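Undergrad: below are the sequence and a predicted model; questions follow.
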Amino acid sequence: MEKKKLITGIVAGVIGLALVGTIAYLYVNLDSQKKENKAMQELADLDKKEMENEYQQFANQYSEMKTQITNDSIVAQLTAEQEKTERLLKELKETKSSDAREIARLKKELATVRAVLRNYVIEIDSLNRLNQNLTAENTRIKGQYNEATRQIEGLNTERASLSEKVAIAAQLDATGISMQLKNKRGKNTDKTSKCTNIQVNFTIAKNVTAQNGQKTFYVRITTPAGTTLGGGGTFNYQNRSLEATMHKSVEYGGQEMAITTYWSVSQSLLAGTYHVSIFADGNMIGSRSFTFK
């Protein structure tokens, strides 16, 4: 009888220790998940705020451009684009930063709005150059082109603000972002424990208004724990210095360009969601998240 009680006590003790271990594991895992979610939420909030600022800036520019154009047809087009931009801004403000699908849709819409604005900037700049030629003609035959002179003066006033619009229209876009984990044989793997190299690919969209020349693209990878995989130097973004995972300098000529970057794994990688952000010219030009085992 005493032996049976002893065995029963030992079994109960083992079960109790197992329960304590399970509870401790769940607590540590929950705490790690909370930290990961907090870091991802902060980055998502920052990305959403930047999108809101861009939408608002585009809406303001449409409003400004309408005051400087006398062509009723162009004014009507600008009004329609402004109303669309303001509607998308309202939808963005009402969307939670955690709603990844809706944020992705509005980010795609933002790229479309930027492209449309870019076309209007090019059109107005073309009109400005045309009217410069008319100015020279007007000097030779004053009195015959009074109406043309008034239009030229209006467009010359607009020229002072075109530089800012061109700068926004010239902002680059990174599309088709992908992140692959490579094992020691150079093959793709979805397991972080077997990863020895990380490869990030993206495409810079065609942009004829962007300044040509040497450009440096910074790739920043945030881990599930909220830390940054370092080693790629630093860069400036929104008046602060950020650490990059990797960077690449290329000669950009305004045409679509595919870029590939690599990072050699020098630390243990956690399973979970990684966030990849691409930066150039002081702007975040694209981002995407990837989940690995």
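TA: That came through fine.
Undergrad: now do the strands in this structure.
TA: Per DSSP state E, the chain carries strands over the ranges 174-182, 188-189, 197-204, 213-222, 234-237, 240-243, 246-252, 257-264, 272-280, 283-292.
Undergrad: out of those strands, nearest to residue 65?
TA: With CB to CB, the closest approach to residue 65 among the strands of the chain belongs to strand 283-292: 21.7 Å. Bear in mind the C-beta positions are built from the backbone N, C-alpha and C, glycine included.
Undergrad: and the closest one, how far out from the chain middle?
TA: Remark: strand 283-292 is offset 7 Å from the chain centroid, using CA atoms, centre = their mean, to the nearest Å.
Undergrad: averaged pLDDT, stretch 86-95. What do you get?
TA: Per-region confidence: stretch 86-95 scores 85 on mean pLDDT.
Undergrad: on that earlier part again, residue 117 is nearest to which of the strands of the chain?
TA: When these are compared for distance to residue 117 using CB to CB, the nearest one is strand 283-292, at 15.2 Å.
Undergrad: partners of that closest one in the sheet?
TA: Strand pairing for strand 283-292, determined by DSSP bridges: strand 272-280 (antiparallel).
Undergrad: now the angle from the strand it pairs with to strand 257-264?
TA: 130 degrees (axes from the mean of the first three to the mean of the last three CA atoms, to 10 degrees).
Undergrad: list the buried residues for strand 272-280?
TA: Buried residues in strand 272-280, counted by 16 or more other CB atoms under 10 Å: 272, 273, 274, 275, 276, 277, 278, 279, 280.
Undergrad: who are the contact partners of the closest residue to residue 169 other than its chain neighbours?
TA: Nearest in space to residue 169, with sequence neighbours left out and distances taken as CB to CB, 6 or more residues apart in numbering, is residue 118 at 3.6 Å. Each residue near residue 118 by CB atoms under 8 Å, 6 or more residues apart in numbering is listed here: 169, 170, 207, 209.
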